[in-house]
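K.L.:
fold the stuff below for me.
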Amino acid sequence: MTIDQLDARLISTLRANPRIGLLEVARQLGVARGTVQARLAKLEARGVVTGHGPEVDPAAMGYPIAAFMLIELAQGRLGEAVTALDAIPEVLEADATSGPHDLICRVVAHDTEHLQELINRMLATPAIRRCTSYIVLSRQVPPRTGPLVAAAGAEAR
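P.N.:
Model prediction:
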């Protein structure tokens, strides 16, 4: 499913101003409030818009170390590994991948010693055979969806 130009503008407005009211969004977009409300409800129902909460910077919360973990699993133990990873708050996301590694995780830590503790905790789970970590030196492109939303809205013309 695609989004149209109005959907793209609606999403962009909400991303730029997360606390804005729907009446103000309608005014800025030049449409009725009911249109904004209906469009937003449809985007939520389709799973395009997944949240409205504040974004958090882990570094500002005392977790300045970010790393990617490439994880190899014991055969057939994906569910067990995911349960173990889900229990570690510093694991921000985990994705199953193709290739020589089974999962890639994004983690944060207070310092390198804390990162080592996280690795040891992961390896204590029999489902996880090996972890390879890559510490992030600097973020060049932050997590974003704005350009994708704009491109998808432009394609729908």
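K.L.:
quick one, helices of the chain?
P.N.:
5-16, 22-29, 33-45, 78-86, 112-123, 146-155 (DSSP state H).
K.L.:
which residues touch Ile11?
P.N.:
3, 43, 48-49, 149 (CB atoms under 8 Å, 6 or more residues apart in numbering). (Each C-beta comes from the backbone N, C-alpha and C, glycine too.)
K.L.:
most surrounded residue in those residues?
P.N.:
Ile3 (22 neighbours; other CB atoms under 10 Å).
K.L.:
who touches that one in this structure?
P.N.:
Applying CB under 8 Å, 6+ apart, the residues contacting Ile3 are 11, 43, 48, 149, 152-153, 156.
K.L.:
do that again at 6 Å, thanks
P.N.:
152-153 (CB atoms under 6 Å, 6 or more residues apart in numbering).
K.L.:
residues touching the one helix or strand in the chain whose mean pLDDT sits lowest, excluding its own?
P.N.:
Within the chain, no helix or strand scores below helix 146-155, which has a mean of 88 by mean pLDDT, DSSP states H and E. Outside helix 146-155, the residues that touch it by CB under 6 Å, 6+ apart are 2-3, 5, 8, 11.
K.L.:
how far away is Ala96 from Cys131?
P.N.:
From Ala96 over to Cys131 the distance is 15 Å, taken as CB to CB, to the nearest Å.
K.L.:
more neighbours, those two?
P.N.:
Cys131 (19 against 13).
K.L.:
measure Thr83 to Ala74 for me?
P.N.:
Thr83 is 14 Å from Ala74, by CB to CB.
K.L.:
those two: who's more crowded?
P.N.:
Set Thr83 next to Ala74 and count neighbours by other CB under 10 Å: Ala74 wins out with 15 against 12.
K.L.:
that one is in contact with Arg129, isn't it?
P.N.:
Yes: using CB atoms under 6 Å, Ala74 is in contact with Arg129, at 5.4 Å.
K.L.:
residues near the nearest residue to Gln37 once chain neighbours are set aside, how many?
P.N.:
Excluding the flanking residues, the one nearest Gln37 by CB to CB, 6 or more residues apart in numbering is Leu22, at 5.7 Å. Neighbours of Leu22 under the rule other CB under 10 Å: 15.
K.L.:
let the chain start at 38 from now.
P.N.:
Sure thing, new numbering starts at 38, so read that last one as Leu59.
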